[in-house]
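K.L.:
my questions are about this predicted structure, shown below with the sequence.
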Number of protein chains: 4
Amino acid sequence: MALTIGVDVGGTKIAAGVVDEDGHIVENLLRPTPADSPDDVADTIAEAVRELAGRHDVEALGLGAAGFVDETRSIMRFAPNLAWREEPLQKKLAERTGLPVVVENDANAMAWGEYRFGAGRGESHVVCVTVGTGIGSGIVIQGALYRGRWGMGAEMGHMQVVPEGRLCGCGNLGCWEQYASGNALVHEARRLAAAEPERAGRMLELAGGSVSDLSGEHVTQAAREGDEAALSAFTSLADWLGQGLADVAAILDPGCFILGGGVSRAADLWVDQTRAAFLRALTAREHRPHPEIRVAELGAAAGLVGAADLARHP
Amino acid sequence: MALTIGVDVGGTKIAAGVVDEDGHIVENLLRPTPADSPDDVADTIAEAVRELAGRHDVEALGLGAAGFVDETRSIMRFAPNLAWREEPLQKKLAERTGLPVVVENDANAMAWGEYRFGAGRGESHVVCVTVGTGIGSGIVIQGALYRGRWGMGAEMGHMQVVPEGRLCGCGNLGCWEQYASGNALVHEARRLAAAEPERAGRMLELAGGSVSDLSGEHVTQAAREGDEAALSAFTSLADWLGQGLADVAAILDPGCFILGGGVSRAADLWVDQTRAAFLRALTAREHRPHPEIRVAELGAAAGLVGAADLARHP
Amino acid sequence: MALTIGVDVGGTKIAAGVVDEDGHIVENLLRPTPADSPDDVADTIAEAVRELAGRHDVEALGLGAAGFVDETRSIMRFAPNLAWREEPLQKKLAERTGLPVVVENDANAMAWGEYRFGAGRGESHVVCVTVGTGIGSGIVIQGALYRGRWGMGAEMGHMQVVPEGRLCGCGNLGCWEQYASGNALVHEARRLAAAEPERAGRMLELAGGSVSDLSGEHVTQAAREGDEAALSAFTSLADWLGQGLADVAAILDPGCFILGGGVSRAADLWVDQTRAAFLRALTAREHRPHPEIRVAELGAAAGLVGAADLARHP
Amino acid sequence: MALTIGVDVGGTKIAAGVVDEDGHIVENLLRPTPADSPDDVADTIAEAVRELAGRHDVEALGLGAAGFVDETRSIMRFAPNLAWREEPLQKKLAERTGLPVVVENDANAMAWGEYRFGAGRGESHVVCVTVGTGIGSGIVIQGALYRGRWGMGAEMGHMQVVPEGRLCGCGNLGCWEQYASGNALVHEARRLAAAEPERAGRMLELAGGSVSDLSGEHVTQAAREGDEAALSAFTSLADWLGQGLADVAAILDPGCFILGGGVSRAADLWVDQTRAAFLRALTAREHRPHPEIRVAELGAAAGLVGAADLARHP
C-alpha cells in the first residue's frame, strides 16, 4: 500500500510521520524546531524525513506550516513564527529528500485531514476552523482544498469583527482571532481575574494567585469546577465563534463546520453555546438548512495526516 | 448559433432577452412585475418568454431573481420582495414554456455575466459585489459559479461589520449592507443633511429643501458639485465597502473584485477611495498580491445576460 | 402652609397639581395636550393653573416639559414633541396666571422630585435616569439641580455608546437611548420575535401573532411568564443601562443613581442585572465606594411634584 | 502677600514650588521620584517642602498626584504608578512639614490651575481634559472643583467609547483613553508604520527605521513635515477627542473645554479637527450654544500652581 510522509512544522516542535492511504500513522517522530535559521529548520525536516524514508517505502512528502504558501504550493511567502520569507521550501526539501514535495498552510492541511479521515468525511463543502493561539482555517469544496487565487485564502481569523477593536498581530484592528482564539480566552480570563477577583477565586488559586501566570489549562479546569469568571471567558469565546461562523456561512454556506485546534479539546465546555450563538447570528436562518458544527476528530495529528494525504493528491 | 433566453426579475420590472453565445442581446422585452400573486409573476415571465421564443430559435431559459434559490437551482426558497416561498419556479416555467430552465439568484447571475462577458473575463477567482438598494454578491471559482452546499452562498451583504449596529431587513444587527449599500448612502446623506444643513446646501436644494425627499440621484449630483455632506456620505460608503471587501479577501483571496449595481454608475466618485480603504484593511497586505477592484462593464444587462448564459451551462 | 402648582407637560397629556411643602399633591387635574399650536398648549396650561389657583392659595408655578430649557429657566429653546422653538414660556404663563414661573426640563423636574421627596432623600450627589420611550436624566449636586452652563446639561441619553450604531432621533449614531430605553426594549423584542419566533411564543401570542403590534406591556408580561425572547430583550436593556451608568459614574461619581420612567415599573425584572452590569463596567471598582442603584419612588407624579417644588426654590 | 506651596508628584519627577495669590511661581525645585517605597516619596516631598518653607513664609501645602483621592482630600486611595494604597498622605505630610495640607488628584489640580490663572479664567463651568500618556480630567462648577460623592469624579478617560474595544489599564475594554491619549497616538502611529511603511517614511526615518522606537516626538515632527501616516494618527486622535468631548457635553454642558497635557503642546496639529469632530458629534448642536474648546495656557506648571491654590481654598 502506498505510503507518504506528512510533516507538521510548529513553532517549537516538528512532527513527521509515515501515513497510509487510510490516514493511519504507521510511524512518527518528533524533533524540536531549531531557532532562528530557516536553513536549520529545513535540515531538521529533511533529516527526519530521510530517517523515516529509510525504514518505509514512501512516495511523497507533504509539509504543513503556519504561514502564507504561494499558489503553486512550493514557496512559503511569509511565516510569522519561523523567519521564513519567500522561502523555496519545495525545492530545498525535494533536493534534500529526493521526494516530490507539497507545501501547505498548516490549517489547510488540518482541514484536509479532517475532511478525508475525520469529522468532515463524506461532506462536499467543509470549513474547518482551528481555535488555537490564533484562528486558522481551511476550506474544502467538492473534494478540493480551496486556496484562493494566490494561495492566500482561508485566513478568516483576520476578518474584522469589531471596528476600532483590539490590535491584531497582523497590524489590523478588531480581527476575529483577537476575540475567538485561545489567546483571546486567556486574555479575557486574565482581565476578569484582575477586575473581578471575587468571581475568579478558583482560577486564581490554580494560577498561584498570579493573574499573569493564568494559562488556558487553568481557565479550562476552573470552568469545569464552576468558576464564574472562567465560565464568562468561555461564554465570550463561544459567542464570538458563533458570530464569526455565521459571517463565514453568509459567504460560503458550507455543509458543515469543523472546530479543531487546542481549545477544541475542551469543546464540551463551549460548543453548544457556539451552536446557539451561530444560529442566532445566521442570516435567513428560517429559510435555509443549517450547517452542522462538529468538533474535530483527529486531534493534534490532523495537520500531519492532512499534509501526508495532500502529497498523494498534489 | 445557439440562443438562450435570460430573464431578470426585479421588484418593479421583468426584463427578458434573447442572448447569443457571445453574450450579445439579440432582442429584449420589459414587463411590469405583477404585484402580490406568485403565479401572476410566473405567468408574466412565461408570456414574455413565449413571445421571444416565437421569434427566435432558443434552447433554454435562465432566470435571475433576488432571493434564495435551492441547491438544485429549481426552487425559489425565499424571495423577500416577490412573495415567493418554496416556489417551484423551474417546474412552473418549464411547463409553461417547454424549455429547460435554470433558476438563479440575481446577484449570482450578474456575477456570471460579468465573469463571462464583462469585467471578469479571463479571471479564475472572481467576487462580484452589487451595490444597489442592498448588497448582492456572486462568486466564480475556476469557471464555476460557487453556490454553497445548499445554494445559500454569496450572501456577503449579511456579514456583521458592526456589533450591535443598525437593524437589517434580515433581522440581524450591523450587516454590511446597512453600511455600504445605496440605501445606506441615502440614509447617511439624509442624516447629515438634517444634522448639518450648512454643509448640505446643494443636496438640500436638489431635494427641494426636504430631507426625506433626498434621493441617491440628489446625493450623486450634489457630490459632483462639491457638496460637503454628499461627499462625506460617499466617503462613508467607500470606506465600508473597502473594509468589507478586505474581510471577503481574507476568506476567498480572489483574483479580482467587480463592483456593480446601481451605485456603481457613479463609481468614479468612490472607487479609488474604496481601493485605498481595501488596501489599508487587507490582512498581510505586504506579503501577497493584491486583487484588482474593477467596475462592472455590463451595466443593468448583466443579470439578464448572465442568466441566459447559465441556462447554457446548467 | 405654602402651596405651589406643578405642571407636567407630556406629548398627549398635561398634568397639573397643587403641591405642599412636603411634596404631597393636594389636588390635581389632567388635560389632553392640544396638538399643533404652541399657544394652545400655553392656554390649556394657564386655564388649568387658574382653576387650581382659584381653589387654593398658591405662591408659584413650576413647569416641566421634554425639551431644552435655557439657563434662565424661562425659554423653551427646543421641544421636539411640542412644536416649541425659542418659546418664552415663563413670560407667557406669568402673564396668563399672575404667578412667578419656573420652566424646567421634565427629567430635571423628576430628578428634583425624587431627590426631595423620593428615592434620593438625604443624598448629596444624585443622578436620576428615566427610562421611558427615550432616556431622560437629571443631576442634583449638593442640594441644587445641575443644569450646565446653558441649561443643556443632563442629556446623557445622547452619549454615544456604539460608534456607527443605530440612528437616533437627535441625528447622531449610537446614542445610549437607542440601546437602553423603552423603545429600544420593544425594538429588540420585535427583532427577536421576527428572527427567532420559536423563542418568542408567548410574546407573539400576547401581540395577536403580529410582530409590529408587540408593545412594552406584551414584552413585560411575556418576560414574567418566562418567554425566552422577552427575557433576552430585558437582558440587553439591563446590560446597556449598567454600562451607561458606569460611564456616567466615571464622570460624576454620584452617591446614588435613581432609575425612573415607565420601564422602571417593571424594574424587578431587570434592576439586579443592571446593578451587576454596572459593577462589571465601573472603572476602578475595587478602589472606590459603589453608588447605590435605586428605583424611583414617586412614579408618574415625580415630574409634577418636582416642578412644583422647583417653583419654591427658584 | 500670602504664599503657598504646590507639589506635583509624577512617576519620575516631583516638582515643588512656592506660588503667590496670582498664581506666579516664586521659586521651584525638582526632585527625582524615589522608586518603590511610599514612605520614601513622602520623605522626598517633605524635604523639598521644608527647604522651600525655610526660604519663604508659606501658609499651606497643596499636593497633586495621579490617583484616586478620597472625599476628604486627605487619603490617596489608589495611585497606580506610585504604590500608594489607602495612603494617609495628608497626615504624613502635615506631620513632616507642620503645614495644613490638601491632597488632590493631579488632573483636578491642573484643571483648577487653568480655571484660576489660565485658559478657564472667568468661566463658570469648565471641563479640563489632559491628553498625556492617558487622559486625565477635572471639572470646575461655579467656582468649585467638582469631586463627586467620594472624590472619584472626573475620570472621564474611562468612559467606554468602543464596546469590546481595546484593553485599558483599568481592566475594562474600550475606554476613551485607549483611543484619544498620547499613548493611543503612538500606538496608532506604530501600527500604521508597521502596516503601511510606504506612507510612514519620514516617521520611520526619525525612529531610525524601528517601529518600536517610534515616539510621540517622532510622530509630531513627522506630521509637521507632512508624513501621511503620522497625520492619520493625529486625525484618529482628534476625531476620538471630539467624540468624547461631545459625550461629556451631553452630560455637563460646560461653558468651555480646556485641553492640556503633553500632547497639547502640538495642539496646532489637531485642535481644529477636534473642534470639527466635536461639533459633528454634539447632540442638538443646532439648538444650543457651543462650548469653546481651548488649549491650556499654563503648560507643565498647571498642576503645581493649581495644587498651591487649592491649599489656599481648602
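P.N.:
Arrived safely, thanks for sending.
K.L.:
on contacts alone, who are the packing partners of the host helix or strand of residue A:230?
P.N.:
Applying DSSP states H and E as the criterion places residue A:230 in helix A:228-252. Using 3 or more CB pairs under 8 Å, 6 or more residues apart in numbering or on different chains; DSSP states H and E as the contact criterion, the neighbours of helix A:228-252 among helices and strands are strand A:125-131, helix A:177-180, helix A:182-195, helix A:201-206, helix A:216-224, strand A:256-260, helix A:271-281, helix B:228-252. In this view, the C-beta of every residue, glycine as well, is placed from N, C-alpha and C.
K.L.:
distance from the last one to the middle of the chain?
P.N.:
By that I understand helix B:228-252. In this view, helix B:228-252 has its centroid 16 Å away from the chain centroid, taken as CA atoms, centre = their mean, to the nearest Å.
K.L.:
what mean pLDDT does that helix get?
P.N.:
The predicted model gives helix B:228-252 an average pLDDT of 98.
K.L.:
pick out the residue of the stretch 101-250 of chain A closest to chain B.
P.N.:
Closest approach of the stretch 101-250 of chain A to chain B (CB to the nearest CB) occurs at residue A:148, with a separation of 2.5 Å.
K.L.:
that residue belongs to a strand?
P.N.:
No - judged by DSSP: H, G, I helix; E, B strand; the rest coil, residue A:148 forms no part of a strand; its state is coil.
K.L.:
residues contacting it?
P.N.:
Applying CB atoms under 8 Å, 6 or more residues apart in numbering or on different chains to residue A:148 gives the contacts A:71, A:154, B:125, B:252, B:253, B:254.
K.L.:
ok, and the closest non-adjacent residue to the one residue sitting closest to the centre of chain A?
P.N.:
Closest to where the C-alpha atoms of chain A average out (CA atoms, centre = their mean) is residue A:130, at 3.5 Å. Nearest non-adjacent residue to residue A:130, counting by CB to CB, 6 or more residues apart in numbering or on different chains: residue A:261, 3.5 Å away.
K.L.:
residue contacts, residue A:147?
P.N.:
Residues A:71, A:73, A:108, A:153, A:154, B:253 are the ones in contact with residue A:147 under the rule CB under 8 Å, 6+ apart.
K.L.:
redo that, cut-off 10 Å
P.N.:
For residue A:147, the contact set (CB atoms under 10 Å, 6 or more residues apart in numbering or on different chains) comprises A:69-71, A:73, A:104-105, A:108, A:138-139, A:153-154, B:125, B:253.
K.L.:
what subset of these is buried?
P.N.:
Those of the contacts of residue A:147 that meet the buried threshold are A:69-71, A:73, A:104-105, A:108, A:138-139, A:153-154, B:125, B:253, by 16 or more other CB atoms under 10 Å in any protein chain shown.
K.L.:
ok so, going back, so which of the helices and strands packed on helix A:228-252 is nearest residue C:290?
P.N.:
Ranking the helices and strands packed on helix A:228-252 by proximity to residue C:290 (CB to CB) places helix A:182-195 first, at 13.9 Å.
K.L.:
what is that closest one packed up against?
P.N.:
Other helices and strands packing on helix A:182-195, by 3 or more CB pairs under 10 Å, 6 or more residues apart in numbering or on different chains; DSSP states H and E, are strand A:125-131, strand A:135-141, helix A:177-180, helix A:201-206, helix A:216-224, helix A:228-252, helix C:271-281.
K.L.:
quick one: the last one to strand C:125-131, angle?
P.N.:
Comparing the axes of helix C:271-281 and strand C:125-131 via axes from the mean of the first three to the mean of the last three CA atoms, to 10 degrees yields an angle of 120 degrees.
K.L.:
summarise which helices and strands helix C:271-281 is packed against.
P.N.:
Using 3+ CB pairs under 10 Å, 6+ apart as the contact criterion, the secondary-structure elements in contact with helix C:271-281 are helix A:182-195, helix C:228-252, strand C:256-260, strand C:292-295.
K.L.:
one more time with 8 Å
P.N.:
With contacts defined as 3+ CB pairs under 8 Å, 6+ apart, helix C:271-281 has these neighbours: helix C:228-252, strand C:292-295.
K.L.:
what about the strands in the stretch 1-150 of chain A?
P.N.:
With DSSP state E, counting those that start in this stretch as the definition, the stretch 1-150 of chain A shows strands at residue ranges A:3-9, A:13-19, A:25-32, A:58-65, A:68-69, A:76-79, A:84-87, A:101-105, A:125-131, A:135-141, A:144-146.
K.L.:
just put the ones you listed in JSON lines and tack on mean pLDDT.
P.N.:
As requested, the strands of the stretch 1-150 of chain A are exported to JSON lines (pLDDT from 0 to 100):
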{"stretch": "strand A:3-9", "mean pLDDT": "97"}
{"stretch": "strand A:13-19", "mean pLDDT": "97"}
{"stretch": "strand A:25-32", "mean pLDDT": "96"}
{"stretch": "strand A:58-65", "mean pLDDT": "97"}
{"stretch": "strand A:68-69", "mean pLDDT": "94"}
{"stretch": "strand A:76-79", "mean pLDDT": "90"}
{"stretch": "strand A:84-87", "mean pLDDT": "90"}
{"stretch": "strand A:101-105", "mean pLDDT": "97"}
{"stretch": "strand A:125-131", "mean pLDDT": "98"}
{"stretch": "strand A:135-141", "mean pLDDT": "97"}
{"stretch": "strand A:144-146", "mean pLDDT": "97"}
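K.L.:
so which of those strands is nearest residue B:233?
P.N.:
Closest approach to residue B:233 among the strands of the stretch 1-150 of chain A (CB to CB): strand A:135-141, 34.2 Å.
K.L.:
and the angle for the closest one with strand A:58-65?
P.N.:
Going by the same axes, to 10 degrees, strand A:135-141 makes 130 degrees with strand A:58-65.
K.L.:
neighbouring strands - and their directions - for strand A:135-141?
P.N.:
Strand pairing for strand A:135-141, determined by DSSP bridges: strand A:125-131 (antiparallel), strand A:144-146 (antiparallel).
K.L.:
any chance of those strands in TSV with distance to residue D:60 as columns?
P.N.:
Compiled in TSV, those are given as follows (distance: least, CB to CB, whole Å):
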stretch	distance to residue D:60
strand A:125-131	60
strand A:144-146	74
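K.L.:
closest one to residue B:39 among the strands of the stretch 1-150 of chain A?
P.N.:
Distance to residue B:39, taken as CB to CB, is lowest for strand A:125-131 among the strands of the stretch 1-150 of chain A, at 33.5 Å.
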